[in-house]
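[1] what's the 3D shape of this:
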Amino acid sequence: MDSQHQFTIHTQSVGARLVIMEVRGEIDATTHVQLQEMMAESCRRGTCYLLLDLSAVPFMGSAGLRALHAIDEMLRQQAATSGVAVLSEDSFKSPCLKLLNPHPAVARTLTISGFEMIFDIFTDRQAAINSFG
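    Numbering: from 1, shown residues only. Below is the predicted model:
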């Protein structure tokens, strides 16, 4: 596999329930399952909140959008099971999944698909982390 098509995920725990996931590579029909499986494992360990860093994701297809929706559902379910409040002041925004620095092409996909109305998108990592508090 050449470096252009490599897909990697790096996770970092921040506190007991928040994970930052840095994804590198395209999120498409061949990689979305890996992303969802990694998040499912993280939920089994108690994660209720995810900051997904998309700065190194040059492309996200419809499978990636479906993965975002599935991950948000996993996180909300885990939060509810753990007794963590998952209500949001803005009824459309996810309190559990937030996005960081999407690549311009991915930002365009999120806008066109209406996902920017569902997920908060940040350019500042610390501000994103603080928004979960």
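[2] residues making contact with whichever strand or helix holds Ala67?
    Under the criterion of DSSP states H and E, Ala67 resides in helix 62-81. Around helix 62-81, the neighbours that count as contacts under C-beta atoms under 8 Å, 6 or more residues apart in numbering are 17, 26-29, 31-33, 35-36, 39-40, 43, 46-50, 52, 57, 85-86, 94-97, 109, 113, 115, 118-119. In this view, the C-beta of every residue, glycine as well, is placed from N, C-alpha and C.
[3] next one: stretch 94-103
    Residues from elsewhere that reach stretch 94-103 (C-beta under 8 Å, 6+ apart): 20, 48-58, 68, 71-72, 75-76, 79, 85-88, 110, 118-123, 125, 128, 131-132.
[4] Just the buried residues of it, please?
    Buried residues in stretch 94-103, counting neighbours by 16 or more other C-beta atoms under 10 Å, are found at 94-102.
[5] Buried ones among the contacts of stretch 94-103?
    Neighbour counting over those (16+ other C-beta under 10 Å) leaves 20, 48-54, 57, 68, 71-72, 75-76, 79, 86, 110, 118-122, 128, 132 as the buried ones.
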